[in-house]
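Participant: Mind looking at a prediction? Sequence and model below.
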Amino acid sequence: TASTTSTTKSTSTSKKRNFFGKFKSIFKLNKASAFVSADASIRVASACKMYKSLYTAIFGAKMEIQGGLAYCEELVPRLWTFLYHIGPKGNMAVFMDAAGKMDKEPLAECLEVACDTMIMLLRIVDDKEISDDSGPFSFDDLTFISTFLNKFVFHLLWHHNILPIPSAQAHHVQQEQVPLHDQRQQHQQQHQQSKSGAILSALSRRFTTASSSSSSSSTTTSTMTTSTTTTTLSTTSSSSRSTLNQLLPSKKQQSTAQYLQRDVALLISCGRLIGMIRDIDDRVQFVSKNHWLLKEAKSKELMSLYLKEEAENFFLGKGHAVMYYLPHLVPFLDRIRFLRKLIELKRNEFLGGLPAYRTHPQVKIRRAAVLADGFAELTQLGPDALLDDVKIVFINQQGLFEAGIDETGLFKEFLEDTLTGGFDPGFGLFCTTIEGNRFYPSPHYKVQENSIALYEYLGKMVGKMIYDGVVVDLPLAPFFCNSILGKVNFIQDLPGFDPELATNLQFVKSYEGNVDDLGLCFAVDEDVFGERVSVSLIPGGVGIDVTDDNKLLYVLTMANYKLNTQIKKQTDAFMRGLSRMVPMPYLKLFTSSELQRLISGDGLRIDLDDLKKNTEYVGGYHSGHRVVKWLWEVVASFTDDEQQKFLKFVTSCSKPPVLGFRYLQPKFTVRCMEEGASEDSYRVGTVILNAFSRGSDTSRLPSSSTCFNTLKLPLYKSKKSLKEKLRYAITQGAGFEMA
């Protein structure tokens with residue numbers, strides 16, 4: 001880059017665009033003359049090594065040093081351009097060839113610094129800047145970089161056994177004192193939650209007095225040091241060693257572990273960057289469908305190895321490492337099936353410790369107090385009670401027990417009613433986004449011990465839903481899904497929370513005048529229970545003005561406060577409950593949008609052929625019955641919106657299960673209802689007559705039992721009558737009844 005003309009902050013927008021256009025075209029060059037000289041490589045390598053040594057040795061200033069490099073004009077894209085041209089082949093080949101032996105590659109620090117600084121830079125670049133090429137990187141650039149990182153990280157993990165793990169996690173595996181899933185989950189949560197605080201604490205050091213920032217920085221530094229310490233896999237417990245000898249590195253590999261620290265550090269940096277690019281694609285989908293897959297990465301082999309390690313409580317192996325850093329190597333639908341296998345393994349492990357002949361606990365729930373009674377009763381049963389079946393008995397308004405036996409259907413209804421009540425904005429625990437009406441924890445809800453327990457309880461109920469394979473209409477805000485997965489939200493996630501605030505912060509970030517004129521400070525006014533309160537974004541923020549020098553810090557801290565800090569306690573409690581049912585490493589196999597699909601089903605058009613294939617008929621109906629044929633013809637004639645309403649009318653969810661109706665629990669059922677018959681009557685003679693009936697009922701509306709996914713369809717005389725009655729029922733919400 002010595003031959004590249006230096007630029008200053010006064011560079012015009014047109015020049016920037018020319019440079020970035022050149023940057024894009026440079027990626028496509030293949031001529032030998034395009035590659036940089038050895039002297040230039042040595043100079044850049046020396047500079048990167050110096051900066052890497054600085055922010056490694058002076059940990060308290062790590063984010064500050066990385067930020068200084070990242071926000072230096074055009075430095076990061078130039079560094080990636082330089083990396084592309086290294087070596088006789090170019091195209092990042094020098095790094096692929098050196099994978100697994102980076103201690104001998106003098107340019108290793110260049111790649112690590114490029115990843116670390118790009119991560120810092122992408123935190124303040126919104127998706128629009130990338131899409132319109134007004135930012136430091138375009139979608140084409142991210143596509144190229146992610147392609148390289150995908151292959152490089154896989155080679156480090158799969159072919160060279162570079163398996164970095166948190167040292168605290170390794171300690172718990174060796175000691176085998178507590179459930180390993182819980183330990184791994186706790187560590188990952190602490191690690192992710194400390195990231196944001198460390199970044200902002202380090203950046204705020206230069207803008208606050210030494211006395212006010214000293215203690216905060218030292219605390220954050222201590223936390224980050226504990227959270228990010230890494231080691232290579234060398235030992236495991238004696239009980240696992242005999243059965244997993246082939247999974248462990250060889251003695252030769254173990255003896256050279258001390259020389260692999262550079263590979264480990266580089267792997268972590270590359271893994272974090274590819275995860276960030278993957279999240280960008282999750283929001284805006286800028287790459288092709290199969291971009292994230294690798295031919296050499298066999299998904300069946302990956303999942304098989306992971307399951308083998310999981311069955312042996314061996315969480316430090318190659319399968320877990322690859323799925324932790326590169327879960328996208330397994331296609332989404334395969335990961336859903338994989339999740340079902342993991343949950344089944346967890347279920348069997350839990351049930352294996354229970355008596356073979358046991359009585360399932362029975363919980364009495366008043367219809368008028370589903371949320372309160374469920375919270376009180378299930379809490380008394382213990383934290384793991386929902387890993388087994390729990391029977392529900394409803395008490396009606398008159399205080400009488402309702403008739404009926406819970407064969408999963410009543411519990412599904414109880415689950416739906418609990419989530420409906422708990423997530424109702426009127427209840428106060430959750431509120432909805434300005435656009436899209438998506439749920440997230442209320443930042444102003446009075447956080448007390450009881451309310452935190454309610455968040456944990458609702459998280460457990462969502463986990464139970466995933467655990468049982470049930471789908472419900474529960475649209476969660478994307479930034480809340482990120483938090484559930486242990487990710488830190490940045491400015492790119494603000495539009496999903498408050499589009500107006502996102503626009504205002506973008507204005508501040510790109511303001512070309514004197515930011516002092518805007519009259520901003522590092523504080524935000526909040527309405528807390530009717531009282532106006534000023535909250536500092538950094539220590540002493542009320543007295544610190546926003547200037548041209550610190551406006552990026554202001555944008556970061558404001559986004560961090562709105563998306564992370566405000567709802568941290570509520571989110572942590574929700575995560576604790578959710579992970580009781582589905583371990584967090586299982587959920588982290590998915591992105592934010594994939595998690596939403598897992599909860600609420602697929603947003604694709606309803607496959608009626610699949611639905612018909614997986615429908616059961618009772619009460620005299622069968623697939624060849626003329627009323628049944630009319631039903632499917634009528635539903636096929638409905639618009640997409642009407643078909644969704646039909647599905648919601650019967651199952652309470654307008655979207656089909658991600659893997660298809662085969663996985664709908666309970667099964668989709670169509671029940672014949674003769675004229676004048678009671679809802680719960682089943683007479684053998686009537687069933688036989690209904691099977692051959694030509695129809696007689698035209699007055700009744702179809703009804704449903706959503707808890708059993710059952711449509712109660714009268715014997716209509718004509719297709720026209722069926723269509724009119726069914727359309728009225730699904731559009732007006734009429735006909736919902738209990739079986």
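Facilitator: Great, that's in hand. Numbers count the residues shown, from 1 in each chain.

Participant: Spatially nearest residue to the residue sitting nearest the centre point of the chain, not counting backbone neighbours?
Facilitator: By C-alpha atoms, centre = their mean, the chain has its centre lying nearest to S592, at 3.3 Å. Of all residues not flanking S592 in the chain, C481 sits nearest, at 4.0 Å (C-beta to C-beta, 6 or more residues apart in numbering). Every residue, glycine included, has its C-beta placed from N, CA and C.

Participant: tell me which element the nearest residue to S146 once chain neighbours are set aside is part of?
Facilitator: Spatial nearest neighbour of S146, excluding adjacent residues (C-beta to C-beta, 6+ apart): I277 at 4.6 Å. Applying DSSP states H and E as the criterion places I277 in helix 261-284.

Participant: For that helix, enumerate the helices and strands it packs against.
Facilitator: For helix 261-284, the elements it packs on are helix 108-122, helix 127-131, helix 139-154, strand 230-231, helix 318-325, helix 592-600, judged by 3 or more C-beta pairs under 8 Å, 6 or more residues apart in numbering; DSSP states H and E.

Participant: Between the ones you listed, which has the poorest mean confidence score?
Facilitator: For the helices and strands packed on helix 261-284, mean pLDDT drops lowest on strand 230-231, to a mean of 33.

Participant: about what we covered before: I'd like the helices and strands packed on helix 261-284 as TSV, with distance to L578 appended.
Facilitator: Shown next, in TSV, are the helices and strands packed on helix 261-284 (distance: least, C-beta to C-beta, whole Å):
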stretch	distance to L578
helix 108-122	27
helix 127-131	28
helix 139-154	28
strand 230-231	27
helix 318-325	19
helix 592-600	10
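
Participant: Surely Y55 and A61 touch.
Facilitator: Yes. Between Y55 and A61 there is a contact under C-beta atoms under 8 Å: 6.7 Å.

Participant: List the buried residues in stretch 633-649.
Facilitator: 634-635, 638, 642-649 (16 or more other C-beta atoms under 10 Å).

Participant: brain fart, stretch 295-315
Facilitator: 297, 302-303, 305-306, 309-310, 313-315.

Participant: From those, which land in helices?
Facilitator: Of those, the ones assigned to helices by DSSP state H are 302-303, 305-306, 309-310.

Participant: which among those gets closest to W292?
Facilitator: W292 lies nearest to L302 out of those, by C-beta to C-beta, at 13.4 Å.

Participant: circling back to that earlier point, what is the rounded mean pLDDT of the helix holding I277?
Facilitator: 92.

Participant: Name the residues of it that are buried.
Facilitator: Within helix 261-284, the residues scored as buried using 16+ other C-beta under 10 Å are 262-271, 273-283.

Participant: Just the strands from the stretch 351-500 of the chain, written as ranges.
Facilitator: 362-366, 391-395, 430-432, 439-441 (DSSP state E, counting those that start in this stretch).

Participant: mind checking which of those is nearest R123?
Facilitator: Going by C-beta to C-beta, the one of those nearest R123 is strand 439-441, 20.6 Å.

Participant: roughly how far is the closest one from the heart of the chain?
Facilitator: Strand 439-441 sits 15 Å away from the centroid of its parent chain (C-alpha atoms, centre = their mean, to the nearest Å).

Participant: Now do it: which elements does it pack against?
Facilitator: strand 430-432, helix 478-484, helix 568-581.

Participant: L75 - how many residues pack around it?
Facilitator: Neighbour count for L75, taken as other C-beta atoms under 10 Å: 17.

Participant: Flag the shaky bits of the stretch 401-550 of the chain, pLDDT-wise.
Facilitator: Along the stretch 401-550 of the chain, segments meeting pLDDT under 70 span 403-409, 446-449, 528-529.

Participant: Settle it for me: which of Y55 and A61 has more neighbours?
Facilitator: Neighbour tally, Y55 and A61, criterion other C-beta under 10 Å: the higher count belongs to Y55, 21 against 18.

Participant: So what does that one look like in phi/psi?
Facilitator: phi -80, psi -10 (degrees, to the nearest 10).

Participant: show me what contacts it?
Facilitator: Shown in contact with Y55 (C-beta atoms under 8 Å, 6 or more residues apart in numbering): 61-62, 65-66, 116.

Participant: Most neighbours among those, which one?
Facilitator: Counting neighbours by other C-beta under 10 Å, D116 comes out on top of the contacts of Y55 with 26 neighbours.

Participant: from what I can see that one touches I65, true?
Facilitator: No. Counting by C-beta under 8 Å, D116 stays clear of I65, with 9.4 Å between them.

Participant: now the helices for the stretch 301-450 of the chain?
Facilitator: 318-325, 332-351, 370-381, 409-422, 449-468 (DSSP state H, counting those that start in this stretch).

Participant: deepest of the ones you listed, which one?
Facilitator: The highest average neighbour count among the helices of the stretch 301-450 of the chain, using mean count of other C-beta atoms under 10 Å, belongs to helix 318-325 at a mean of 22.

Participant: measure stretch 654-662 end to end?
Facilitator: 16 Å (C-alpha to C-alpha, to the nearest Å).

Participant: Report the rounded mean pLDDT for that stretch.
Facilitator: Rounded mean pLDDT across stretch 654-662 is 86.

Participant: Just the buried residues of that stretch, please?
Facilitator: Buried residues in stretch 654-662, counted by 16+ other C-beta under 10 Å: 654-658, 661.

Participant: Columns secondary structure on top of those, output as JSON lines?
Facilitator: Listed next are the buried residues of stretch 654-662 as JSON lines, based on DSSP: H, G, I helix; E, B strand; the rest coil:
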{"residue": "S654", "secondary structure": "coil"}
{"residue": "K655", "secondary structure": "coil"}
{"residue": "P656", "secondary structure": "coil"}
{"residue": "P657", "secondary structure": "coil"}
{"residue": "V658", "secondary structure": "coil"}
{"residue": "F661", "secondary structure": "helix"}
